[in-house]
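# this is a predicted model, with the sequence first.
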Amino acid sequence: MDLFVSAVIQGVLLGGLFAIIGVGLSLVFGIMGLTNIAHGDIMILASFFIMVFSVQMGINLFVALAITIVVMVVIGAAMQKFLINRVITKGAEPALLVTFGISIIIQNILTLIFNADSRIIKGPFSDVNVVSTNWVSISAEYLMNCLVAVGVIIALSLVMKKTYLGRSIRAASSNVTAAEFMGVNTLKTYVYAMCIAVVTSCVAGLLVGQTFVFYPYSGTQYLIIAFGVVVIGGMGSIVGTLLGGLILGVSQLLGALFFGNGYMILIGYIVMLVLLTFRPRGLLSNMARK
Amino acid sequence: MEDKTLRKEKNPLKNIIILVIVAFFASLTLWGNAYFINLLTLLFLYLSLAQMWNLLAGYSGLVSLGQQIFVGLGGYCLAIMTEKYHQGLALSLVVAVAVCVAFAFVISFPIFKMRGVYFTIGTWIVAEALMIFFANWSFANYNIGYNIRMGYTFSPNIIYLMAYIIGIGSVALVFFLLRTKTGLALMSMRDNESAAEVRGVKLYGTKLRIFLLTAGYTGLTGAVLYLNMVYLTPDSAFTINWTVSMVFMVIIGGMGTIEGGIIGAVVYVIIQQYLYNFPGISMIILGAAAIAIILFLPKGIMGTLHSRYGWELFSVRRGLQNKGASVTSLKDILMK
Amino acid sequence: MKLEGLDVFYGDFQALYGVSMEIPKGKIVSIIGANGSGKSTLLNTIMGVNRPKAGTIDFEGKDITRLRTSDIVALGVTISPEGSSVFEDMSIEENLLMGAYLPDPRKRRQENLARVYELFPVLKEKEQQLATFLSGGQRQMLAIARAIMSEPKLLICDEISLGLAPVVVKDIYRKIREINEMGVTILLVEQEVKRSLQSSDFSYVMVKGRVVMQGLSAALPETEVKDAYLGINKYA
């Protein structure tokens, strides 16, 4: 029982982290119908940048994050403007395959520079427990991850609701032609949306890099987690990612509890496949659609 | 009926060219050197992978990123049948095909409920799940995988012949399949799914048959690939890199054309060999090349040649494209 | 605005044949035509959604033929599109604010908001509701109000009376007149002959992608326009 409660709590906290991993993918899918296969790799690329700036160059962690965000936004904007925007109107496949190519390039450039060694970003919260009793312990790191993630997601949904940038993104995802009739250059809007997604990925990259070891090839694994989050929460629904992350996090840790650590990720995948089968548009789809 | 269609081909020269090419590669076992034989073994096996992915994605619209499922299962069947049960090659290959088809059938129930990108990612998740499952499965020797010692007992020439048969076979299979009723159904389905449905093309059944067929053939190819490589682990067997190579071959060559798969396989294997000493860079170049092709030659090398010069070797497209609109003429094309 | 010799194709099919028109500043001009007469194609071409194969579109001395839709809108050409093109999952207020997306109208969005609420009080009542809950007539009003929010120089109204009750239509036309009196040029696109002629200064009649008749609305005989419109006799 103790273990069960502990697993659920850890799962909920992990769920917050999963949500921020998925939120960028959801945003990009919602606005331009693009399944960004490079989503996980972009996050891991951010992890590596933060690692280089903070661990190797000794810059303050938050400054390192800020520099990384600037660099990554430039990369993301260029990727969207010069590659994805050129094929985005030709249906889902070409754009998906372009991001597939970007994914391969990022993974292999990282491998070339950093080899296949495991890395971690050492943060201020490693190895500290907030709550530590006989039957349950909560690590400061997991708690911090969850709080930051929820904070970022709430901020993002406020931006989407209250600002002209957010409204124009929502307008473009609702009706491209009508948005253009308002004077919105939808292609530019796509670039902005990608930049916002990249910023969330940078934050996610910091959190993931502090919590787990990562490799140049880790992006694939996180892409699938992001996809799971989005599938469960509903493509394009920002708040839905919180629910998706929660379900995925709890089911992974319960899976680990009942079947052993080796099966933790497997259980997550199976939950995803089952949900994909029975609710192919996401758990919240009915509500989200109106 | 297929024979008739072939014999009545308007241009006999093409058939002669094809025959000469086929005979040339068969004769290589008599005079080719070891390096060349080895290269061509890879070429034919990758050709088969490309043809199958093309059939699935290019012709049937099932863009799967999970075909490594069947490469891996095929390899594992070979490994387990020969290493664990000490069976012969023939039986092992039969088992490999059977297991792949059966597994494809089972996963088709959930997978076929997913549409578009959901299908794409769903297949990938299945592959990743299998990778983890095999790494934790005592029956499959956990993470350690297998040394397939049977691979050493065959001479490179024999393995080359197997690869050759599989490669040529994959081209022939796709070619003839596209000339059957199923092929026509596929074409009209790809061009306009809802219209095809109205015309009574049984989408689900057709797609399922193609999915099972490509699963079995990819599994067979995977088994022979691992017979050649003699070592497999869950990580290598179920890696997305298998599908990466399939996608690149088909995109570079041209989606939805048989020749595209051939050109793609040749380009891919050459690039792989040429950049063998820079393993990381070769993937980066492949990725960049694929993006460039999608941006600048969206129909691939073959598709561009075809639309610019009308050049093609396997004319399954010409008759079919005219027929997009009506089904009454189905028979006419087949009898032409 | 001046259109000259527009030819538009969809693949091999030619939808417009050398269409030329003039829409003088401050006037109300109507285009009358049945379904398939090429009206919608023409509007899409003006708005940069379709590209003409030949011909030019000129707005206030500037060639806008090849501009991107959003850039055309930025010059002051706004359309109130046909049917339900409101942003369904946004509230009425958010829809209207989207209308004031461009930098200049954005500065004056609060005044403009008050102005359109005055024109369409029903929108004010439902301000915070999602647009998806509106009736057909209310959507139409929202689309027009949203277009006004952008402070257009030229407002194009695409079939605003389609499927609406006569009382509502009458109401909407009165509003259009008011908008015009504020100095906005109006281009009405309609199927209804009588109302078009009554509420415009100048009219064009389109049949099968061609302009077959044009003139001062008051001077055009209704019966003849109807014949042309229906494709009876010489105009077909």
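Happy to help now that I have it.

# how about the helices in the chain?
Answering for chain A, as no chain was given. Counting by DSSP state H, one finds helices in chain A at the ranges A:2-32, A:39-50, A:61-78, A:85-87, A:92-114, A:140-162, A:164-174, A:176-181, A:186-211, A:218-233, A:240-259, A:264-278, A:285-289.

# that answer is for a different chain, and I need it for chain C
Going by DSSP H, chain C shows helices at C:39-46, C:69-74, C:92-99, C:103-107, C:109-119, C:121-125, C:136-149, C:166-181, C:193-199, C:222-230.

# for the stretch 51-200 of chain A, which spans come out with low pLDDT?
A:125-128, A:131-132, A:134-135 (pLDDT under 70).

# quick check: residues of it near chain B?
Residues of the stretch 51-200 of chain A lying close to chain B (C-beta under 8 Å from any C-beta of the partner chain) are A:83, A:86-87, A:90, A:92-94, A:96-98, A:100-105, A:107-109, A:111-112. For every residue, glycine as well, the C-beta is placed using N, CA and C.

# let's see that with 7 Å instead.
The stretch 51-200 of chain A has residues A:83, A:86-87, A:92-94, A:96-98, A:100-101, A:104-105, A:108-109, A:111-112 near chain B, with proximity defined as C-beta under 7 Å from any C-beta of the partner chain.

# nearest to residue A:206, out of the helices of chain C?
Closest to residue A:206 of the helices of chain C is helix C:92-99 (C-beta to C-beta; 32.8 Å).

# can you give me the buried ones in stretch B:288-306?
Neighbour-count burial for stretch B:288-306 flags B:289-291, B:293-294, B:297, B:299-306 (criterion: 16 or more other C-beta atoms under 10 Å in any protein chain shown).

# unless I misread the structure, residue B:285 falls within a helix.
Yes. Going by DSSP: H, G, I helix; E, B strand; the rest coil, the assignment for residue B:285 places it inside a helix.

# how many neighbours does it have?
16 (other C-beta atoms under 10 Å in any protein chain shown).

# surely residue B:117 meets residue A:35?
Yes. At 4.3 Å, residue B:117 and residue A:35 qualify as touching, with contact defined as C-beta atoms under 7 Å.

# apart from its chain neighbours, what residue comes closest to residue A:272?
Among residues not flanking residue A:272 along the chain, residue A:228 sits closest, at 4.1 Å (C-beta to C-beta, 6 or more residues apart in numbering or on different chains).

# where does the one you found land on pLDDT?
Looking at residue A:228, its pLDDT is 88.

# same thing with residue B:78?
For residue B:78, pLDDT reads 96.

# give the contact list for it.
Neighbouring residues of residue B:78 by C-beta atoms under 7 Å, 6 or more residues apart in numbering or on different chains: B:92, B:96, B:148, B:223, B:226-227.

# over to residue A:129?
Residue A:129 makes contact with A:137-140, according to C-beta under 7 Å, 6+ apart.

# and residue B:52, by the same measure?
Contacts of residue B:52 by C-beta under 7 Å, 6+ apart are B:170, B:214, B:217-218.

# distance of residue A:250 from residue B:92?
42 Å (C-beta to C-beta, to the nearest Å).

# more neighbours: which of the two?
Neighbour totals were compared for residue A:250 and residue B:92, and residue B:92 leads with 23 against 20 (other C-beta under 10 Å).

# using the three-state scheme, assign the more buried one.
Of the three states, residue B:92 takes helix under three-state DSSP.

# could you count how many residues lie near the residue nearest to it when sequence neighbours are not counted?
Distances taken as C-beta to C-beta, 6+ apart place residue B:81 nearest to residue B:92, at 3.8 Å, with adjacent residues excluded. Around residue B:81 there are 23 other residues, counting by other C-beta under 10 Å.

# with residue C:90 instead?
20.

# between residue B:117 and residue A:35, which contacts overlap?
residue A:96.

# what about the contacts of residue A:129, which are in strands?
Using DSSP state E, the members of the contacts of residue A:129 that fall within strands are A:137-139.

# which of these has the most neighbours?
Counting neighbours by other C-beta under 10 Å, residue A:139 leads those with 19 neighbours.

# tell me which of the helices of chain A is the most buried.
helix A:39-50 (a mean of 28; mean count of other C-beta atoms under 10 Å in any protein chain shown).

# CA-only coordinates of that helix in PDB, if you can.
These are the backbone C-alpha positions of helix A:39-50, laid out as PDB (Å, rounded to 0.1, in the frame of the first residue of the first chain):
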ATOM      1  CA  HIS A  39      10.000  17.300 -31.400                       C
ATOM      2  CA  GLY A  40      11.900  15.000 -29.000                       C
ATOM      3  CA  ASP A  41      15.200  15.700 -30.700                       C
ATOM      4  CA  ILE A  42      14.700  19.400 -30.400                       C
ATOM      5  CA  MET A  43      14.200  19.000 -26.700                       C
ATOM      6  CA  ILE A  44      17.300  16.800 -26.300                       C
ATOM      7  CA  LEU A  45      19.200  19.400 -28.400                       C
ATOM      8  CA  ALA A  46      18.200  22.000 -25.900                       C
ATOM      9  CA  SER A  47      19.400  19.700 -23.100                       C
ATOM     10  CA  PHE A  48      22.800  19.400 -24.700                       C
ATOM     11  CA  PHE A  49      23.000  23.200 -25.200                       C
ATOM     12  CA  ILE A  50      22.200  23.800 -21.500                       C
END
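
# so what's residue A:139 bridging to?
Beta-bridge partners of residue A:139, counted by DSSP bridges, are residue A:129.

# quick one: it from chain B, how far?
The spacing between residue A:139 and chain B, counted by C-beta to the nearest C-beta, to the nearest Å, is 24 Å.

# so residue B:142, which of the three states?
Put simply, residue B:142 is coil when judged by three-state DSSP.

# quick revisit: higher neighbour count, residue B:117 and residue A:35?
residue A:35 (23 against 20).

# give me the neighbour count for the residue in chain C that chain B sits nearest to.
Nearest residue of chain C to chain B: residue C:11, at 13.9 Å (C-beta to the nearest C-beta). Counted with other C-beta under 10 Å, the neighbours of residue C:11 add up to 5.

# contacting residues around it?
By C-beta under 7 Å, 6+ apart, the contact set of residue C:11 is empty.

# phi and psi next, for it.
phi 60, psi -120 (degrees, to the nearest 10).

# what ranges do the helices span in the stretch 201-336 of chain B?
Along the stretch 201-336 of chain B, counting by DSSP state H, counting those that start in this stretch, helices occupy B:203-229, B:234-237, B:241-253, B:258-274, B:279-296, B:300-309, B:317-322, B:330-335.
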